[in-house]
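Engineer: Show me the folded form of this:
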Amino acid sequence: MITYLDEAPQDVGAREALLDRAFGPARFLKSSERIRAGRLPAEGLALVAKDGDRLVGTVRLWPVAAGHTGRHGLLLGPLAVSADQQGAGVGGALMRLALARAKALGHGAVLLVGDEPYYRRFGFSSERTGGLAMPGPYERHRFLALELTPGALLGAEGVLRPTGALAPAALKALAA
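Structural biologist: Numbers count the residues shown, from 1 in each chain. Here you go, the predicted model:
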């Protein structure tokens, strides 16, 4: 039976191993990683799926701001599901839970770089990303958004930048 939980510190190793299997070392070269690097995910928005004690899915959302317009939102990613659980609804359940929590926590919008045919079913489209950009190379047609609050991205322009808290390791490096 699959359970959906908040990510716990003891999940980090299994989460990283799942992401390595799902995306390989190239995952660290993606524009989204520039936003996530050295940061903590948004409070209450780091989720895992477990089959018993085995981690089989993960999703995290990260606080961002849209360039000079100051519009705030979340960057989703990565979403990953263990190969043996793909097609079983684990990714969809993680997405629905993450989006419901983000909305309940008062976040106005979620952005991501991903496969539009997959994310369309959750309401994502490129309709509100025209004035926005990622920090580095990305495929424009894969840059998608979902407004959790109508109008949350109206007038949003510029390059996404991280606004979340720094991770302890990043804080330690800054202090050195």
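
Engineer: Give me the pLDDT for Thr69.
Structural biologist: Here the pLDDT value assigned to Thr69 is 75.

Engineer: how about it, what does it touch?
Structural biologist: Shown in contact with Thr69 (Cβ atoms under 8 Å, 6 or more residues apart in numbering): Gly155, Ala156, Glu157, Gly158. Quick note: C-beta positions are derived from backbone N, CA and C, even for glycine.

Engineer: Ok, Gly73 next?
Structural biologist: Contacts of Gly73 (Cβ under 8 Å, 6+ apart): 63-66, 107-111, 145, 152-153, 156.

Engineer: Identify the residue spatially nearest to it, adjacent ones excluded.
Structural biologist: Among residues not flanking Gly73 along the chain, Ala109 sits closest, at 3.8 Å (Cβ to Cβ, 6 or more residues apart in numbering).

Engineer: could you pull out the strands for this protein?
Structural biologist: Secondary structure of the chain (DSSP state E): strands located at 2-6, 46-51, 54-66, 71-76, 80-81, 109-113, 132-133, 143-147, 158-162.

Engineer: Among the ones you listed, which comes closest to Glu16?
Structural biologist: Glu16 lies closest to strand 54-66 among the strands of the chain, at 9.3 Å (Cβ to Cβ).

Engineer: circling back to that earlier point, per-residue confidence for the residue nearest to Gly73?
Structural biologist: Per-residue pLDDT puts Ala109 at 97.

Engineer: burial of it, as a residue count?
Structural biologist: Counted by other Cβ atoms under 10 Å, the residues lying close to Ala109 total 21.

Engineer: And Pro117, by the same measure?
Structural biologist: Look at Pro117: counted by other Cβ under 10 Å, it has 7 neighbours.
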